[in-house]
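1. Generate coordinates for the sequence data below:
(one chain, ligands or ions: 1)
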Amino acid sequence: MSERGTLHIKAVVWVIAAACAAMPAAAQQFGPDNPFYVASTLPFQAPPFDKIKDTDYQPAIEAGIAQQRQEIEAIANNPAAPDFANTILAYEKSGQLLRRVRTVFNGVTQADTNPALQAVDKAEAPKLSAAEDAIVLNPKLFARVQAIHGKREHVDAQQKRLVEVTYDHFVHAGANLAEADKTRLKEINGQISVLTNAFKDRLLAATKAGGFVTTDRASLAGLTDGQIAAAAQAAKRSGQPGYLIQLQNTTQQPVLQMLTDRDTRKAIFENSWNRTERGGDTDTRDTIAQIAKLRAERAKLPGFPSFAAWKIEDQMAKTPDAALKLMDALVGPATAKATGEAKDIQSLIDSQGGGFKLAAYDWEFYADQVRKAKYDLDEAQVRPYFELNTVLKDGVFYAATLLYGITFKERTDIPVYNPDVRVFEVTDADGKPLALFYCDYFKRDSKGGGAWTSSFVSASKLMGTKPVVYNVANFQKPAPGEPALISEGDVRTMFHEFGHALHAMFASVDYPDLSGNIPRDFVEMPSQFNEHWRDDPQVFAHYARHYKTGAPMPAELVAKMHRAEGFNQGYALTEELTAAELDMQWHLLPADAPVQSPDAFEAAALKKTKLTLDAVPPRYRSTYFQHIWSGGYSAGYYAYLWSEMLDDDAYGWFTQHGGLTRANGDRFRAMVLSKGSSEDFEPMYEKWRDGKPTIDGLLQERGLVESK
Ligand SMILES: [Zn+2]
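-> Residues are numbered from 1 along each chain as shown. Next up is the predicted model:
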């Protein structure tokens with residue numbers, strides 16, 4: 001997930017599993033006619049989508065789990081003394097069938113799902129997670145890993161790193177706890193999983209119940225006829241009279257930008273703000289307080305002072321203090337800018353004789369008027385200059401060719417999972433094959449929301465595999481025969497996702513587990529970094545051409561577009577920071593702290609971090625902050641800001657060293673993008689950058705300081 005409205009998932013999962021009691025029925029049906037039975041014989045081991053049926057996944061997953069369980073047992077019970085080859089390498093090579101089927105299954109269930117695939121997902125998810133627990137908590141296996149970690153007999157740097165990463169993964173999961181603590185850990189994990197599910201259910205119910213219902217059409221003034229019709233439909237579907245405005249997951253609601261009736265804005269905002277604090281089955285306060293308490297206790301078992309310390313240990317930041325230092329440094333500039341924006345809005349309210357003080361629910365409504373007055377930018381003016389195919393070939397690919405020398409050729413002979421998907425073969429600067437790249441840009445009902453990147457096949461010298469990488473997005477599909485004219489945001493998404501793709505395609509590592517496994521606070525760096533090239537004058541002029549005439553975008557329109565980018569950034573950064581600080585404060589609680597009262601805790605946390613602008617509430621309030629209670633971003637929401645600091649810092653380095661050149665691109669590829677996770681991220685980045693990253697670039701990009 002990104003805070004720019006897109007979802008990003010990298011192939012960073014530890015694809016490992018094992019241990020189920022007996023060979024399940026489905027696995028017995030697994031045989032040579034299953035397309036996952038052997039590695040694909042297509043170029044780059046591309047998945048044989050022309051042969052894969054929905055019914056092939058479940059038997060292949062179950063057989064994969066069983067196969068890996070046997071492989072893990074063989075490693076754990078090997079009578080020979082543990083060494084790199086018979087333990088770490090054997091472990092690395094295990095689970096190939098499971099990896100093969102899971103990468104394809106994950107890709108298809110996200111981008112082109114159906115009820116049959118969803119049923120398989122639901123049935124297999126708990127088996128996969130139990131299988132993974134059985135591996136990391138296998139005492140015999142861990143004893144071997146530990147012995148090798150202690151001896152460090154391995155020879156080269158990547159082997160050393162692989163041992164470190166493997167050992168840390170086991171320890172992080174609780175492998176070296178005493179038996180009593182392991183038992184307690186499993187108990188806590190079970191309790192947290194129950195509470196997490198309760199949180200999800202309550203939040204879903206709260207979001208539904210929090211919708212704003214009215215029979216007074218006049219109170220919805222400002223919405224378009226289409227939006228009002230949709231609200232009437234929504235009310236009808238839920239069996240209510242009149243109109244229903246449903247809640248989005250954020251504090252601010254998109255309709256607040258348009259609603260002219262201040263009372264309606266206030267009512268909708270309050271519904272949003274209090275959605276999970278009304279008692280009964282939609283109240284999450286007790287649930288999150290208990291989750292926070294249990295997480296702190298879980299972190300204490302292996303000796304960490306807080307859950308945040310446990311969680312951040314294997315990230316680039318390494319400690320909560322490092323993440324806090326970044327956030328604290330941003331608070332002053334962000335709130336100063338937001339305060340200035342609030343003044344502009346208050347002046348506008350006063351000039352219209354409003355006679356009230358700006359509140360959070362007024363912000364978007366008046367900010368939109370300020371935006372129109374100041375920048376006068378109409379999106380319909382720019383779309384004709386952004387034709388998807390031209391943006392892809394003459395923008396996204398072109399920039400990559402200039403920077404890294406790689407070239408692209410479309411292949412229509414590789415099978416795909418949906419007719420919208422296109423495949424390109426990527427050739428390296430030296431003429432050798434580098435990767436396959438799939439793109440699947442159009443929205444459809446079978447696809448999840450947002451945009452993301454992942455891999456069907458990861459780069460690994462050990463396995464002799466080259467990357468097969470894909471980008472997925474949700475752009476509006478044009479009518480047949482019409483050009484796909486996309487928005488400025490869509491262009492940004494294409495460059496963003498392709499940045500993830502480049503990171504995966506350039507990975508030049510021996511072991512599969514060192515090509516993915518990118519920490520959350522680093523993974524968005526290559527993608528956000530790649531976004532910068534869309535505005536590079538040479539690249540922009542090459543792709544932003546009128547779809548009919550081929551004429552370049554007029555200079556005044558380009559200038560207008562760039563001016564509008566800095567708008568409202570004080571607000572945007574402050575609401576993001578506020579959410580990030582809340583996340584961190586919750587997860588800094590020590591295990592012996594009492595169960596908290598969420599409202600009091602939230603108020604104190606915001607006061608402590610100096611984020612107290614009434615008109616700028618947190619992007620998510622504690623009680624509906626899905627990312628941190630059920631979305632995997634616990635003590636990790638700071639990662640968006642951390643990655644942003646890095647990508648702007650990296651772009652600053654390029655600017656200072658001649659910008660878009662092959663020499664700069666090749667150096668960045670060699671020292672950063674090709675490394676996967678084969679080196680510690682902080683020294684890796686600092687070696688390339690020749691120093692520590694600073695927040696200067698971020699402040700400039702956000703327009704919080706004057707550009708140099
Ligand atoms: Zn991303």
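2. and the gap between residue 554 and the ion?
-> Computed as CB to the ion, to the nearest Å, the residue 554 to the ion distance reads 31 Å. For glycine as for every other residue, the C-beta is placed from the backbone atoms N, C-alpha and C.
3. try residue 354
-> Distance from residue 354 to the ion, by CB to the ion: 40 Å.
4. which SS class is that residue?
-> Classification of residue 354 by DSSP: H, G, I helix; E, B strand; the rest coil places it in coil.
5. With residue 418 instead?
-> Applying three-state DSSP: residue 418 is coil.
6. Excluding covalently adjacent residues, which one is nearest to it?
-> Leaving aside its chain neighbours, residue 418 sits nearest to residue 112 (4.9 Å; criterion: CB to CB, 6 or more residues apart in numbering).
7. gap between residue 247 and the ion?
-> 25 Å.
8. coming back round to it: quick one: residues contacting the residue nearest to residue 418.
-> With contact taken as CB atoms under 8 Å, 6 or more residues apart in numbering, residue 112 is in contact with 417, 418, 444, 446, 447.
9. Can you tell me which of the residues you listed comes closest to residue 335?
-> Closest approach to residue 335 among the contacts of residue 112 (CB to CB): residue 447, at 38.3 Å.
10. Surely that closest one is within a strand?
-> No. Counting by three-state DSSP, residue 447 is not found in a strand; it is coil.
11. what sits against it?
-> Counting by CB under 8 Å, 6+ apart, the residues that residue 447 touches are 110, 111, 112, 113, 440, 472, 474.
12. Same list, those, but as a markdown table with secondary structure please.
-> Supplementary listing: the contacts of residue 447 in a markdown table, determined by three-state DSSP:
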| residue | secondary structure |
| --- | --- |
| 110 | helix |
| 111 | helix |
| 112 | coil |
| 113 | coil |
| 440 | strand |
| 472 | strand |
| 474 | strand |
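13. how about these, which pair is most distant?
-> 113 and 474 (13.9 Å).
14. okay, those two: which has more neighbours?
-> Between residue 113 and residue 474, residue 474 has the larger neighbour count (other CB atoms under 10 Å), namely 19 against 16.
15. my read: that one touches residue 451, true?
-> Yes. At 6.5 Å, residue 474 counts as touching residue 451 under the criterion of CB atoms under 8 Å.
16. Just want the residue of the stretch 401-550 of the chain that's nearest the ion.
-> Going by CB to the ion, the ion is nearest to residue 527 of the stretch 401-550 of the chain, at 4.1 Å.
17. Show the buried residues in the contacts of residue 112.
-> Among those, those classed as buried by 16 or more other CB atoms under 10 Å are 417, 447.
18. Pipe the contacts of residue 112 into CSV and attach pLDDT and distance to residue 280 per row.
-> As requested, the contacts of residue 112 are exported to CSV (pLDDT from 0 to 100; distance: CB to CB, whole Å):
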residue, pLDDT, distance to residue 280
417, 98, 43
418, 97, 43
444, 88, 37
446, 89, 35
447, 88, 35
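19. Relative to residue 678, which of the contacts of residue 112 is nearest.
-> residue 417 (30.7 Å).
20. so what's the closest one closest to, chain neighbours aside?
-> Spatial nearest neighbour of residue 417, chain neighbours left out: residue 49 (4.8 Å); criterion: CB to CB, 6+ apart.
21. Can you check the pLDDT for the residue nearest to residue 418?
-> Looking at residue 112, its pLDDT reads 94.
22. if I look at it, how far off is residue 327?
-> 38 Å (CB to CB, to the nearest Å).
23. With residue 699 instead?
-> For residue 699, the distance to residue 327 equals 14 Å [CB to CB].
24. So which residues on the stretch 151-300 of the chain come close to the ion?
-> Residues of the stretch 151-300 of the chain lying close to the ion (CB under 5 Å from the ion): none.
25. so where do the helices sit in the stretch 151-300 of the chain?
-> Assigned by DSSP state H, counting those that start in this stretch, the helices in the stretch 151-300 of the chain fall at 157-172, 179-209, 225-237, 262-273, 285-300.
26. Mind giving me the packing neighbours of the shortest one?
-> Helix 262-273 is packed against strand 212-214, with contacts defined by 3 or more CB pairs under 8 Å, 6 or more residues apart in numbering; DSSP states H and E.
27. Check the longest one too.
-> For helix 179-209, the contact count by 3+ CB pairs under 8 Å, 6+ apart identifies helix 285-300, helix 626-629 as packing neighbours.
28. mind giving me JSON lines with those and columns for mean neighbour count?
-> As requested, the helices and strands packed on helix 179-209 are exported to JSON lines (neighbours: other CB atoms under 10 Å):
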{"stretch": "helix 285-300", "mean neighbour count": "21"}
{"stretch": "helix 626-629", "mean neighbour count": "22"}
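29. The ones you listed: lowest mean pLDDT?
-> helix 626-629 (a mean of 92).
30. other SSEs contacting that one?
-> helix 179-209, helix 285-300, helix 569-587.
31. Pull the number of nearby residues for the closest residue to residue 219 other than its chain neighbours.
-> Of all residues not flanking residue 219 in the chain, residue 264 sits nearest, at 4.7 Å (CB to CB, 6+ apart). The local packing of residue 264 (other CB under 10 Å) involves 23 other residues.
32. Run through the residues that contact residue 264.
-> Contacts of residue 264 were listed using CB under 8 Å, 6+ apart, and they are 212, 214, 219, 220.
33. From the residues you listed, pick the one nearest residue 679.
-> residue 212 (51.4 Å).
34. Can you give me the pLDDT of the closest one?
-> For residue 212, the pLDDT comes out at 97.
35. which residues does it contact?
-> 244, 245, 247, 264, 267, 268, 271.
36. From the residues you listed, which one has the minimum pLDDT?
-> residue 247 (91).
37. Go ahead and confirm residue 427 touches residue 409.
-> Yes. Assessed by CB under 8 Å, residue 427 is found in contact with residue 409 at 7.1 Å.
38. Tell me where the stretch 301-450 of the chain has strands.
-> With strands called from DSSP state E, counting those that start in this stretch, the stretch 301-450 of the chain shows them at 407-410, 422-427, 433-442.
39. Can you give the strand pairings for the shortest one, parallel or anti for each?
-> Spelled out, that is strand 407-410. strand 422-427 (antiparallel) (DSSP bridges).
40. just the contacts of residue 447 now: which is nearest residue 162?
-> Using CB to CB, these come closest to residue 162 at residue 110, 28.5 Å.
41. What about the closest residue to that closest one other than its chain neighbours, how many residues nearby?
-> By the measure of CB to CB, 6+ apart, the closest residue to residue 110 outside its immediate chain neighbours is residue 448, 5.1 Å from it. Residue 448 has 15 neighbouring residues, counting by other CB under 10 Å.
42. Residue 81 now?
-> For residue 81, using other CB under 10 Å, the count is 11.
43. Then the one 10 residues further on?
-> By the measure other CB under 10 Å, the count of residues near residue 91 is 22.
44. now it, what's its secondary structure?
-> Going by three-state DSSP: residue 91 is helix.
45. contacting residues for it?
-> With CB under 8 Å, 6+ apart, residue 91 has these contacts: 72, 75, 141, 145, 166.
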